[in-house]
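Engineer: what would the 3D arrangement of this be:
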Amino acid sequence: MKRKEKSPRADIYERITETIVADLEKGVRPWMKPWSAGGLEGRITRPLRHTGEAYTGINVLLLWSESLNRGFEAPLWMTYRQAGQIGAQVRQGETGATVVYASRFTKTETDARGDEVERDIPYFKTYTVFNCDQIDGLPEHYYHRPDKIIDPVSRIEHADRFFKHTRAVIRHGGSKAFFAPASDHIQMPPFESFRDAESYVAVLCHEATHWTAPEHCVGRDLSRYHKDRTERAREELIAELGSCFLCADLGIVPELEPRPDHASYLHSWLRVLKDDKRAIFQAAAHAQRAVAYLHSLQPAQALEEGKGA
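Structural biologist: As a prediction, this is how the structure comes out:
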């Protein structure tokens, strides 16, 4: 009997997960790499499509990692064809980065009774993109680097406004940060107990991601959080990624020193990722939905301001 060959979809799940697992086994959280790279100037931003639209979900992690490992500074990415359409050319010998696209289509079928029924069929594909640093002949604005933020105070004020607009109940006191589903509030240690304002905001981003879980927000089930270590690890991974995505959106440098509970989570995350090759994809998708929900709570004016933050 011939061994069943892996599908391209299974292969990309496995390949990406193995890369992330390898970093975690070294004690490195790969989604934190962009902020810990000493040579990077300016602020961290999400990777951007050639249209200026930000990548989301797992593609953020993939392109952050690619930029760091290969020394790219431009945030913009495009396909070979897109470069050619604007009169540019990917340099000979350059290799691209893999990004993924998941969607679904509706197919009409005939059931056993002869009735026509519609069925949603998910599909998944990969494609290759190149960083602007690999492409010659692009208009100058494509090579623009994120501006360096000179005034950190205004940046933090912008973050404060962002969380105020969510209308989340945020209480301060004690020594632990957590989201309490029963009372639907976020508990944060006093601001003064953090080593800097950025660390405070990063932790608040983490807890705000948890806060989006209830049914009246995005509907992520937390009923087994305290009963099942695997479910807890999955939810903490979602909040971890949500914090990184939101920090990038707000122009905040997140905490680089792990929280005390991260050591135990590293072990749990490794177990989850090794057992389920789709777990990191699912976590990134849940984190993206959580962050999108928090953005949706902002007034139109704040959203416009955020684009330049």
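Engineer: which secondary element of this protein has the worst mean pLDDT?
Structural biologist: helix 300-307 (a mean of 53; mean pLDDT, DSSP states H and E).
Engineer: what strand or helix carries A102?
Structural biologist: Element membership of A102, judged by DSSP states H and E, is strand 97-110.
Engineer: C-terminal to that strand, what's the next element?
Structural biologist: strand 116-131.
Engineer: now that next one - C-alpha only, PDB.
Structural biologist: Extracted as PDB, the C-alpha positions of strand 116-131 are listed here (Å, rounded to 0.1, in the frame of the first residue of the first chain):
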ATOM      1  CA  GLU A 116     -31.000  20.800  -3.800                       C
ATOM      2  CA  VAL A 117     -29.000  21.900  -0.700                       C
ATOM      3  CA  GLU A 118     -26.200  24.500  -0.300                       C
ATOM      4  CA  ARG A 119     -23.000  23.500   1.400                       C
ATOM      5  CA  ASP A 120     -20.200  25.700   2.600                       C
ATOM      6  CA  ILE A 121     -16.800  24.400   1.500                       C
ATOM      7  CA  PRO A 122     -13.700  25.900   3.100                       C
ATOM      8  CA  TYR A 123     -10.600  26.200   1.000                       C
ATOM      9  CA  PHE A 124      -7.000  27.200   1.700                       C
ATOM     10  CA  LYS A 125      -4.200  28.300  -0.500                       C
ATOM     11  CA  THR A 126      -0.700  29.800  -0.300                       C
ATOM     12  CA  TYR A 127       1.000  32.300  -2.400                       C
ATOM     13  CA  THR A 128       4.400  34.100  -2.500                       C
ATOM     14  CA  VAL A 129       5.100  37.700  -1.800                       C
ATOM     15  CA  PHE A 130       8.200  39.800  -1.900                       C
ATOM     16  CA  ASN A 131       9.300  42.600   0.400                       C
END
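Engineer: relative to strand 97-110, how tilted is that strand?
Structural biologist: 170 degrees (axes from the mean of the first three to the mean of the last three CA atoms, to 10 degrees).
Engineer: please identify the buried residues of strand 116-131?
Structural biologist: 124, 129-131 (16 or more other CB atoms under 10 Å). Bear in mind the C-beta positions are built from the backbone N, C-alpha and C, glycine included.
Engineer: for those, which one is nearest S183?
Structural biologist: Among the buried residues of strand 116-131, F124 lies closest to S183 (CB to CB), at 39.3 Å.
Engineer: residues making contact with stretch 52-62?
Structural biologist: Residues external to stretch 52-62 that are found in contact with it (CB atoms under 8 Å, 6 or more residues apart in numbering): 16, 20, 30-31, 45-49, 63, 76-77, 97-100, 241, 244-245, 248-249, 280-281, 284-285, 287-288, 292.
Engineer: narrow these to just the buried residues.
Structural biologist: Buried, going by 16+ other CB under 10 Å: 16, 20, 30-31, 45-49, 63, 76-77, 97, 99-100, 241, 244-245, 248-249, 280-281, 284-285, 287-288, out of the contacts of stretch 52-62.
Engineer: just the ones of the residues you listed in helices?
Structural biologist: Secondary structure defined by DSSP state H assigns 16, 20, 63, 241, 244-245, 248-249, 280-281, 284-285, 287-288 of the buried ones among the contacts of stretch 52-62 to helices.
Engineer: report the contact partners of the residue nearest to L246 when sequence neighbours are not counted.
Structural biologist: In space, and not counting its chain neighbours, L246 is closest to C205: 4.3 Å by CB to CB, 6 or more residues apart in numbering. The contact partners of C205, taken as CB under 8 Å, 6+ apart, are 242-243, 246-247, 250, 252, 254.
Engineer: now list the buried members of these.
Structural biologist: 242-243, 246-247, 250, 252, 254.
Engineer: before we move on, back to that, distance of the residue nearest to L246 relative to R104?
Structural biologist: 30 Å (CB to CB, to the nearest Å).
Engineer: same question for R113.
Structural biologist: Taking CB to CB, one finds R113 at 25 Å from R104.
Engineer: P214: what secondary structure?
Structural biologist: Here P214 is coil, with the state taken from DSSP: H, G, I helix; E, B strand; the rest coil.
Engineer: which pLDDT value goes with it?
Structural biologist: With respect to pLDDT, P214 scores 96.
Engineer: again with the one 3 residues further on
Structural biologist: The score at C217 is 96. That number is its pLDDT.
Engineer: and S67, by the same measure?
Structural biologist: Model confidence at S67, given as pLDDT, is 87.
Engineer: can you offset everything so residue one is 30?
Structural biologist: Noted, 30 is the first residue going forward, which turns the last one into S96.
Engineer: you'd agree it is up against P63?
Structural biologist: Yes - here S96 reaches P63: they are 7.3 Å apart, a contact under CB atoms under 8 Å.
Engineer: what residues are up against R318?
Structural biologist: R318 neighbours (CB under 8 Å, 6+ apart): 241, 247.
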